[in-house]
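# Below is the sequence, then the predicted model.
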Amino acid sequence: MPAQVLAAQDWATATLVDHVAARDQDKPIHARATYRAREGVTTLRGPRKTDAAVTVRTVFIWSSANDQAAKAARALKLDRARTDLDTLTRAAGSQHLYRTEAAVKARLTLLATKHRVTRYLVAATSVDPDTGKPALTWHFDSAALDAEAATDGWYALLTNLPDTIGPAEVLARYKGQEVVERRYGAFKGPLAVAGRTVGGVLDGPSVDGAAPFRIPGSCAGMDGPGQPLSQSLGGTRLPRSTGATR
């Protein structure tokens, strides 16, 4: 999703979503992450000019946890870059380090890349006409920083779910994807190898004394047309798809 699209989302008009992250279940209410949502659409285009455009429902999500993490990461990155850039500014033109303008520029490029601040960094080098020593001046572009900060906390969920399913349910299904992937991973692992097919039904082995699982179908992990994979695996239901992707 382009940064300018995320930056255009208005936090004030976004709807507060009633969702509690799994990691926040045991936390007091004031310490839990909060979520807001806005409805929109995204036009997807194929690699060829002749490909028809497809319009997809998009739910834009703002997460307070993501917002705080982005701000903290940026502040740390800028602080580290500022320290190294100040050191370079003082060392420019010294007898032992960075005696030429080319050396200062090379070090400047390295620091900008290392700290990933190229998009914000505005720097200029010069040479004193009397002493021949190079000098460096620099600052961070506040406009570029503000533009990036406008995207903090936002991400987009593209979904084929109908409008009757609200943003809260779309977010919940997206958050549940890792459970689905974990269960599929378990099914494709040692459990699947140890299973046996009896009368078109796969009998899975018992694990740690748990009852074996049974999945209807002609082969392991495969459903008939329109039949969701929803049998139990270790006591957890297996939906075929969450219906939302990021």
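That came through, no problem.
# For the protein, which residues score under the pLDDT cut-off?
Scanning the chain with the threshold set as pLDDT under 70 gives 190-246.
# measure the residue nearest the centre of the chain to Thr55 for me?
Centroid check for the chain by C-alpha atoms, centre = their mean gives Tyr155 as the closest residue, at 7.4 Å. Plainly put, Tyr155 is 19 Å away from Thr55 if you go by C-beta to C-beta, to the nearest Å. Every C-beta, even on glycine, is put in place using the N, C-alpha and C of the backbone.
# What of Gly166?
Taken as C-beta to C-beta, the span from Gly166 to Thr55 is 19 Å.
# Neighbour count for these two, which is higher?
The neighbour count for Gly166 versus Thr55, taken as other C-beta atoms under 10 Å, is higher for Gly166 (16 against 9).
# Quick check: phi and psi at the more buried one.
Main-chain dihedrals, Gly166, degrees, to the nearest 10: phi -70, psi 170.
# Give me the distance between the helix or strand hosting Thr109 and the centre of its chain.
Using DSSP states H and E, Thr109 maps to helix 101-114. Relative to the chain's own centre, helix 101-114 is displaced by 30 Å; criterion: C-alpha atoms, centre = their mean, to the nearest Å.
# Make sure Ser64 is actually in contact with Ala31.
No. Contact between Ser64 and Ala31 fails when scored by C-beta atoms under 8 Å: they sit 10.6 Å apart.
# Out of those two, name the residue with the larger neighbour count.
Between Ser64 and Ala31, counted using other C-beta under 10 Å, the more crowded position is Ser64 (13 against 8).
# Packing partners of the longest helix along the chain?
Counting residues, the longest helix found in the chain (DSSP state H) is helix 64-91. Under the contact criterion of 3 or more C-beta pairs under 8 Å, 6 or more residues apart in numbering; DSSP states H and E, helix 64-91 touches helix 101-114, strand 121-127, strand 134-140, helix 142-149.
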